[in-house]
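S.K.: Structure of the sequence below:
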Amino acid sequence: TATTAGVVGYTAGAVTVNDKNTASTTLADTIETVTVKNAGVVTIDSGALKTLNLEGTITSVAATDATVKTGITAVDTLALNLKGVTTTAITADADVKTLNIASSTAASTVTTLTSAGATAINVSGDAALTITTLTAGPANKVITVTNTAGVTIGSALGTDVTFTGGAGADSVTLTASYTK
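M.R.: Numbers count the residues shown, from 1 in each chain. Down below sits the predicted model:
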């Protein structure tokens, strides 16, 4: 359970956001933006999610689209905005092909970031970002960083991933067979 710094006796609770059409196989989801600050486990179910704003201490975040919609395509680009986030895990829905991460104002640390469907991950912002384990799936071929404070990715990048660093002090781990 996450605890807010400086507040005695306060424990951040679980947050569940389910789109009103989440159980429907024919109606499109409608929730496009979710903002969470200091929480326990966060669960979001919306195929319309375009923007996820996170701040503070959060146990974990799972943003998924549990129900396949007939004739409706889920949003495939997610803006993940981090502001001083500390979390054990963030999972983006497998429909997300482009993950745009902005780490701004204060440094953020994500123990495990999972974006299994992402073909491209872009990182911007003015605050450092540390991702201990990045699980991006075999489709991920491009990681582009424009962040000015630096990005650290602790897990080894695939040999077919093109990494372009930004102006900050970026740090990545490469496999033994990686070539530039």
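
S.K.: Show me where this protein dips below the pLDDT cut-off.
M.R.: Within the chain, the stretches with pLDDT under 70 are 1-11, 178-180.

S.K.: just the strands in it please.
M.R.: Assigned by DSSP state E, the chain shows strands spanning 15-18, 33-45, 51-64, 77-92, 98-103, 108-114, 120-124, 129-135, 142-145, 151-157, 162-164, 171-174.

S.K.: Dump those into CSV; add distance to S24 as well.
M.R.: Bear in mind the C-beta positions are built from the backbone N, C-alpha and C, glycine included. Output for the strands of the chain, formatted as CSV (distance: least, C-beta to C-beta, whole Å):
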stretch, distance to S24
strand 15-18, 12
strand 33-45, 12
strand 51-64, 16
strand 77-92, 21
strand 98-103, 26
strand 108-114, 26
strand 120-124, 30
strand 129-135, 30
strand 142-145, 34
strand 151-157, 37
strand 162-164, 39
strand 171-174, 41
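
S.K.: how many neighbours does T43 have?
M.R.: Look at T43: counted by other C-beta atoms under 10 Å, it has 16 neighbours.

S.K.: these two touch, right, it and T22?
M.R.: No. In this structure, T43 is not within contact of T22 by C-beta atoms under 8 Å, at 11.0 Å.

S.K.: what bridges to the residue nearest to V85 when sequence neighbours are not counted?
M.R.: Nearest non-adjacent residue to V85, counting by C-beta to C-beta, 6 or more residues apart in numbering: S108, 4.1 Å away. With DSSP bridges as the criterion, S108 is bridged to L129.

S.K.: check contacts around S108.
M.R.: 82-86, 127-130 (C-beta atoms under 8 Å, 6 or more residues apart in numbering).

S.K.: of all these, which two lie farthest apart?
M.R.: K83 and T130 (14.5 Å; C-beta to C-beta).

S.K.: Between its first and last residues, how far does stretch 101-113 reach?
M.R.: Chord length of stretch 101-113, first to last residue, is 11 Å (C-alpha to C-alpha, to the nearest Å).

S.K.: which of the residues in it are buried?
M.R.: 101-104, 107-110, 112-113 (16 or more other C-beta atoms under 10 Å).
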